[in-house]
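Asker: Quick one: sequence and predicted model below, then my questions.
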Amino acid sequence: MIKEKVQKFGKFLSGMVMPNIGAFIAWGLITALFIETGWFPNEQLASLVDPMLKYLLPLLVGYTGGRVVGDVRGGVIGAIATAGVIVGADIPMFIGAMIMGPLAGYTIKKFDKAIEGKAPAGFEMLINNFSVGIIGLILAIVGFYAIGPVVVILTEGLKLGVEVIISKGLLPLVAIFIEPAKVLFLNNAINHGIIGPIGIEQTKELGQSIMYLLEANPGPGLGVLLAYCFYSKGGMKQSAPGAAIIHALGGIHEIYFPYVLMNPLLIIAPIVGSAAGILVFSIFNAGLVATPSPGSIFALMALAPKGGMIGILAGVAVSTAVSFVVAAPLVRKAAKKLSDNNDETVSENEEVVINKEVINKIVFACDAGMGSSAMGATKFRNRIKGFASNITVINSSVDIIPSDADIVVSHKKLEERARKNSPQADHVFIDNFLQDSKLDKLYSILENRADGNRELEEVAVAEVAASVQARETSILKSDNIILGLSSESKEDAIERAGKILVKEGYVKNNYIAAMQEREKIVSTYIGMGIAIPHGVGEAKKEVEKSGIVVLQYPDGVVFGDDLAYLVIGIAGVGDDHLEILSNIAISLEDETLVDKLKNTSDKFEILKTFNK
């Protein structure tokens with residue numbers, strides 16, 4: 001249980017950081033190129049460095065964290081709350097962003113759920129906008145006064161630890177404080193508050209100081225990034241080489257911090273690597289003549305005293321190797337745990353059921369929205385572009401699936417999250433994004449539809465069209481028939497049927513509550529595996545027009561002591577209600593027909609039956 005929670009927490013951190021890696025790299029490049037000691041010094045362009053680090057990057061992390069928890073509204077309020085902690089401290093507030101973003105998203109999500117269906121008609125937009133503004137204001141104030149002081153205490157604690165270790169002569173152990181401080185963007189406080197002044201005094205006395213190498217050594221971070229280069233997967237593996245170059249040659253250590261934040265256990269690697277490097281520096285009596293800025297390998301070499309180059313390079317090399325050796329198994333293990341890279345055996349017998357007639361967008365969704373889902377989307381997009389160029393195929397995080405997705409393809413271990421975050425879509429659950437029999441089946445379905453190889457369905461449509469006598473609005477439309485649903489509670493099944501009735505304009509939103517209330521009074525299970533949930537008499541005023549929704553549950557839904565395989569939601573205007581019930585009863589007199597309907601993968605069979 002604890003192991004699963006730690007893994008889930010790590011994935012959650014990854015979901016906040018990974019989408020913003022590009023922004024971190026952009027900031028790193030600007031810093032490496034344009035600061036005073038950069039490759040192409042430019043005072044005007046260098047002015048981008050501080051505001052991007054202090055404002056842009058934390059706001060992006062806070063927005064993403066809020067959106068992961070509370071969708072777009074969560075992202076907006078997450079950014080508002082993060083602004084409070086940014087202004088409340090003088091250091092880059094990434095730790096505050098990673099706290100306030102998700103907290104704000106969770107808060108607005110709970111608020112929205114609490115007021116769902118209770119907003120007066122015509123005031124929905126007003127309530128939505130002001131709720132974000134007011135709750136965001138409160139959380140920004142909380143962040144300003146609560147998070148800032150905590151970070152100050154944390155910084156002072158780290159500084160005290162460094163001072164004690166240095167005074168005791170246990171220099172390699174200083175890595176225990178320096179490396180976590182770096183990852184939390186607190187390194188400047190330690191570097192300029194403790195290490196720098198001591199280094200200046202030692203340089204005056206000895207002509208060099210090892211203190212300048214404690215925080216500036218690029219080896220520990222480089223080892224972590226190399227581990228990602230060799231053993232990670234997807235987007236992290238692809239971005240790590242560029243980050244390693246920026247880190248080692250450009251001296252922008254902040255570029256590797258997000259890679260550790262995504263997997264907090266990795267902090268062990270730079271700590272051990274740094275300790276090993278400091279030990280080697282001590283053995284070689286290595287040091288620098290001044291503070292290297294930025295901490296590039298070139299800067300270290302340029303500031304090395306005469307005859308001190310070998311010791312410096314040896315310390316950097318050892319710290320890189322040790323950090324890599326420690327990080328590699330941790331990164332490899334994390335990569336294997338990623339649910340969007342699972343290589344389990346494919347189940348050949350599971351069917352792919354697509355209910356939607358019109359398909360405009362297919363979304364490949366994985367845990368973080370990068371890596372294998374992006375590769376899978378690209379491959380599938382190329383496969384179908386010859387006959388379905390009108391279909392958009394994209395990738396996304398499973399927690400922020402676009403609301404207009406018609407089909408969602410995701411790993412089977414993400415089924416619960418995928419269905420929850422995209423209830424309107426048809427879902428395909430797979431084992432592998434690149435090679436999976438279900439992707440082949442989905443391809444065949446799309447190809448058959450494009451080629452017109454649906455003769456049986458066309459016959460069924462023709463029969464339906466004739467039977468309903470070309471009425472403009474059918475009581476039962478193909479879009480109202482959902483096949484192959486997984487078992488759920490009867491309350492959830494009724495809720496699902498009611499939402500479709502609302503969506504299609506048959507009823508108002510309050511009709512759903514009436515359906516649930518009717519079920520509490522007397523069960524709507526009518527036998528033969530059929531339930532017909534509908535509203536109580538008082539709910540007639542909520543009905544706009546007559547309509548039927550058919551939900552098929554091959555494994556059944558429990559209604560009291562019985563299993564319903566077909567849940568038929570009904571709304572009737574006037575006497576149409578009774579007429580619909582009569583038609584269903586007549587259609588279901590044939591038990592063999594009922595068995596056929598509860599297992600059919602052809603929704604036109606149901607259309608043909610109920611529209612007689």
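Answerer: Yep, that arrived.

Asker: helix/strand/coil for residue 395?
Answerer: When classified by DSSP: H, G, I helix; E, B strand; the rest coil, residue 395 comes out as strand.

Asker: Help me confirm that it comes into contact with residue 380.
Answerer: No: counting by Cβ atoms under 8 Å, residue 395 stays clear of residue 380, with 9.9 Å between them. C-betas here are computed from N, CA, C, even on glycine.

Asker: which residues are in contact with both of these two?
Answerer: residue 364 (Cβ atoms under 8 Å, 6 or more residues apart in numbering).

Asker: A helix includes residue 388, no?
Answerer: No: assigned with three-state DSSP, residue 388 falls outside any helix and is coil.

Asker: Which segments of the chain make up each domain?
Answerer: 48-168, 170-337, 361-451, 471-610 (automatic domain parsing).

Asker: any idea how far the first one is from the chain center?
Answerer: It stands for domain 48-168. 18 Å (Cα atoms, centre = their mean, to the nearest Å).

Asker: how long is it end to end?
Answerer: 41 Å (Cα to Cα, to the nearest Å).

Asker: what's the average pLDDT for it?
Answerer: For domain 48-168, mean pLDDT is 85.

Asker: Check the shortest one too.
Answerer: The predicted model assigns domain 361-451 a mean pLDDT of 81.

Asker: pLDDT score for residue 6?
Answerer: At residue 6, pLDDT is 51.

Asker: Check which element follows the strand or helix carrying residue 237 along the chain.
Answerer: Following DSSP states H and E, the helix or strand that holds residue 237 is helix 234-248. The helix or strand immediately downstream of helix 234-248 is helix 257-261, counting by DSSP H and E.

Asker: Which other helices and strands does the helix holding residue 237 contact?
Answerer: Here helix 234-248 touches helix 21-34, helix 219-231, helix 257-261, helix 372-384, going by 3 or more Cβ pairs under 8 Å, 6 or more residues apart in numbering; DSSP states H and E.

Asker: List the buried residues of the second one.
Answerer: Judged by neighbour count using 16 or more other Cβ atoms under 10 Å, the buried positions of helix 219-231 are 219-229, 231.

Asker: Kindly export stretch 76-87 (C-alpha atoms) in PDB.
Answerer: Extracted C-alpha coordinates of stretch 76-87, given in PDB (Å, rounded to 0.1, in the frame of the first residue of the first chain):
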ATOM      1  CA  VAL A  76      -6.400  29.000 -13.400                       C
ATOM      2  CA  ILE A  77      -6.900  29.000  -9.600                       C
ATOM      3  CA  GLY A  78      -3.600  27.100  -9.200                       C
ATOM      4  CA  ALA A  79      -1.800  29.900 -10.900                       C
ATOM      5  CA  ILE A  80      -3.500  32.500  -8.800                       C
ATOM      6  CA  ALA A  81      -2.600  30.700  -5.600                       C
ATOM      7  CA  THR A  82       1.000  30.200  -6.800                       C
ATOM      8  CA  ALA A  83       1.300  34.000  -7.300                       C
ATOM      9  CA  GLY A  84       0.800  34.400  -3.600                       C
ATOM     10  CA  VAL A  85       3.700  32.200  -2.600                       C
ATOM     11  CA  ILE A  86       6.000  33.700  -5.300                       C
ATOM     12  CA  VAL A  87       5.500  37.300  -3.900                       C
END
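
Asker: Ranking the domains of the chain by mean neighbour count, which comes first?
Answerer: With neighbours defined as mean count of other Cβ atoms under 10 Å, the domains of the chain peak in mean count at domain 170-337, which reaches a mean of 21.
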